[in-house]
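J.: Pasting a predicted model and its sequence here:
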Amino acid sequence: MAEGAIVFVIFVSVAAAAVTLMLLLANAGARKPLPQSTVTARGYAVRRWWFATVLVVAVAAFAATIPRLPYPRADELRSSPHFTVVAQQYSFVLPATVPVNTAIVFDVTSRDVNHGFGIYDPAGHVVGQVQAMPDYVNHLPMRFERPGHYTVRCLEFCGVAHAAMQGAFEVR
Amino acid sequence: MSAQRIMWLYILTGLAILVLMMLLGITMRMEQAGWLSYDATAFYSLLTLHGVGMLTAVALAGLGTLWYLVSRETVLDARIAYLAYAFFIAGVLCVIASVLGHFGALWTMLYPLPFVEASWPGWATGTYLIGNLLVMIGFTLWCVQILAALLQRYGISGMLGVEYIFRGRTFEAAGRRPPPPQMFAALIVSIDGFLASIAGMAIVIALIVRWADASVELDPLWAKNLTYFFGHSFANLTMYMAVAGVYVGLPLCTKREYHTSRPLVIAWWGTLTFVIFAYFHHLYMDFVQPQGVQFVGEIASYLAAIPVVVVTVYGGVLLVHRSGMRWSMGAMFLYAGMIGWVVGGTGAVLDATIPFNFDLHNTLWVPAHFHTYLLEGVVAFTLGWAFVNLEQRSGAVSPSLIRWVTGTCIFGGGALFLLSFYLAGSSGVPRRVAIEPPPGPAIAAVASIGAIVVLIGLLICLAEGVRLARLPRKETA
């Protein structure tokens, strides 16, 4: 399952649970009102646990992201082959091929305005991206485990022909 | 009466701009669906206007609400509210003029795009930048006025609730009370808004200098940081403007009290801090940013959600739960707004998770979450607050048929419209493109239908609001 699909499923599940719970809490026992002090006392008792749960989920989610950060490590920058990518209105200068199952680094920059270097795998899923900025070089570490034709799309608005700004490379 | 007049001036202007911007939004989704056809220059000009106009619209409505609520507790000069309003309107008119000149660098106006793209004339760039500056000056005026009034009324430690938190027993024994919850919303909006406006004006003035003198060069990374600091904070703060209406409106619907508690004060302190630093998540894909800053962005984005789900929305749910509340239009929109806030916040937190952002950044997932946040959160709160006022004033409530029809259109149509964005974003469809790659166009067609249904619901809702407003004022004993 593509990562985007996983995020979509997580979102729909959490959103559906939140909507259902909030509607239930609004309507449950609506015809049998209770004094505010009673509801508040119960609610405040639950809130401590709710706060603890939310905090634990936030900390766990943050911890889980650390090993999966897309940023380059010093050893990757030193030991991996580098491929230069230059973006400009409205095209990319790209390597024709990059090696499969090899840790590589794209050195991405721009000749004019801000662009986005978005990589789509042969099935059309985004597998990574980085901004292409004038005056700066962003180093994007990648490892392609699937050979084939990869499409590159500009993912930062760069002008009137932005939608047509594409490129491609082969992974072999 | 003067304060109410100002509130309605801001709210009605905001709603009028909102309807116009929705119309623009619908035409753009229809163009992406292939149902309409206009050239890319027009598309990006309209997208620029849609972005700036929509944020100004919801901000105006929220600022009007907050101004009125603050005026009930402090002394405010109406002339400053009118002056700020004039700056906002002049700014919007400038942006409209720039769009007529085909300016289309979007609200982000990322340096150096406004000066490199050749499809619009130089005067359009200058007019757009001046328009932005005018809106920022209006917002700064508003923030300074509210801050000064709060300082005068409560003092620094009083308005922040410091004594209430750290010397609670002495504070309460002296018969003192902390400011009501809506004052904390006003405080955080004015402090964070002021800081964001300073950043916004700094980058806009720098861009105006660059516009006047082409030899001036700016640092693109600094420009991006300042732009997003202002843009993200301003958009985020529109929710905290509108939520003040929940603090006051929901108790009127439930006949219960929403009072200031210690968790509420601490939650607002958290919001004050986290809103400032959350904007870094806009620059996750700028790998040249220091990595520590990226962590701060993720942590601040996560922590910003905690005061919402543990205090404000949680408190709102407790207020409604088993209250025997009658579901009027006002009550429906205020409660639904809290649901929209949580749902939009969920989408935002997922996008603020760096490994997910690696796939979702600048896809349609981004407008998915902020359209949820704005349409089903901020706009719902604004409508809720407006209807609570109209219901209180007239002593009447709308027929349940009207409530069901508007609710179904705005939230049902909204679900269709928004889920389309989420689905397209998770499929990798880029945002801000006049022509989308597959499966974008098919999804845009479904989204267009959803958006049209929302607009129909909103128009019915506004007509019902006019009907309530024309009813005679309720006689009070």
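T.: Everything's here; your move.

J.: can you list contacts of the lowest-mean-pLDDT helix or strand in chain A?
T.: Taking mean pLDDT, DSSP states H and E as the measure, chain A has helix A:74-79 as its least confident helix or strand, at a mean of 91. Outside of helix A:74-79, the residues within contact range by CB atoms under 8 Å, 6 or more residues apart in numbering or on different chains are A:103, A:105, A:139, A:141. The way it works is simple: take the backbone N, C-alpha and C, and place the C-beta from them, glycine included.

J.: Derive a ChimeraX selection command for the buried subset of those residues.
T.: Selecting only the buried entries of these in ChimeraX, with 16 or more other CB atoms under 10 Å in any protein chain shown as the criterion:
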select /A:105,139,141
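
J.: so, if you compare the contacts of helix A:74-79, which one comes nearest to B:Ala86?
T.: A:His139 (48.4 Å; CB to CB).

J.: which residues does the closest one contact?
T.: Here A:His139 is in contact with A:72, A:77, A:82, A:105-108, B:287 (CB under 8 Å, 6+ apart).

J.: at 6 Å what do you get?
T.: Residues near A:His139 by CB atoms under 6 Å, 6 or more residues apart in numbering or on different chains: A:72, A:77, A:105, A:107.

J.: where in chain A is pLDDT low?
T.: Within chain A, not a single segment meets pLDDT under 70.

J.: What segments of it are strands?
T.: For chain A, the strands defined by DSSP state E cover A:82-88, A:91-93, A:97-98, A:103-110, A:115-120, A:126-132, A:138-143, A:148-153, A:166-171.

J.: Any figure for the gap between A:Gln89 and B:Leu49?
T.: 22 Å (CB to CB, to the nearest Å).

J.: Oh, that last question was meant for A:Leu21, not what I typed.
T.: A:Leu21 is 38 Å from B:Leu49, by CB to CB.

J.: who's more crowded, those two?
T.: Here A:Leu21 and B:Leu49 are set side by side on neighbour count (other CB atoms under 10 Å in any protein chain shown), and the busier one is B:Leu49, at 24 against 13.

J.: tell me which element the more buried one is part of?
T.: helix B:40-71 (DSSP states H and E).

J.: now B:Tyr247: how far from chain A?
T.: Applying CB to the nearest CB, to the nearest Å, the value for B:Tyr247 to chain A is 15 Å.

J.: Which one of the contacts of A:His139 is nearest to chain B?
T.: A:Pro72 (6.9 Å; CB to the nearest CB).

J.: Got the phi and psi for the closest one?
T.: Note on A:Pro72: its backbone torsions stand at phi -70, psi 140 [degrees, to the nearest 10].

J.: List the residues that contact it.
T.: A:139, A:141.

J.: Can you classify the residue in the stretch 251-400 of chain B that chain A sits nearest to as helix, strand or coil?
T.: The minimum distance from the stretch 251-400 of chain B to chain A, using CB to the nearest CB, falls at B:Gly324 (3.5 Å). Under the three-state scheme (DSSP: H, G, I helix; E, B strand; the rest coil), B:Gly324 adopts coil.

J.: Touching, it and A:Arg31? I think so.
T.: No. B:Gly324 is beyond contact range of A:Arg31, at 7.4 Å (criterion: CB atoms under 6 Å).

J.: Number of residues surrounding the closest residue to A:Cys154 other than its chain neighbours?
T.: Using CB to CB, 6 or more residues apart in numbering or on different chains and skipping the chain neighbours, the partner closest in space to A:Cys154 is A:Met165 (3.8 Å). A count of neighbours around A:Met165, defined by other CB under 10 Å, yields 22.

J.: B:Pro180 too?
T.: 19.

J.: Could you report the pLDDT at it?
T.: Note for B:Pro180: predicted pLDDT of 97.

J.: Now do the residue nearest to it when sequence neighbours are not counted against B:Leu160, distance only.
T.: Setting aside the residues directly before and after it, B:Pro180 is nearest to B:Thr260 in space (CB to CB, 6+ apart), at 6.0 Å. Taking CB to CB as the measure, B:Thr260 falls 12 Å from B:Leu160.

J.: more crowded one of those two?
T.: B:Leu160 (22 against 19).

J.: Could you pull up the contacting residues of B:Thr372?
T.: B:343-344, B:347, B:418.

J.: Which of these fall within strands?
T.: Short answer: the contacts of B:Thr372 have none in strands (DSSP E).

J.: List the ones among those residues that fall in helices.
T.: B:343-344, B:347, B:418 (DSSP state H).

J.: Is any residue of the helix or strand harbouring B:Ala463 near chain A?
T.: Using DSSP H and E, B:Ala463 maps to helix B:440-470. No. Helix B:440-470 lies apart from chain A when judged by CB under 6 Å from any CB of the partner chain; the minimum separation is 10.1 Å.
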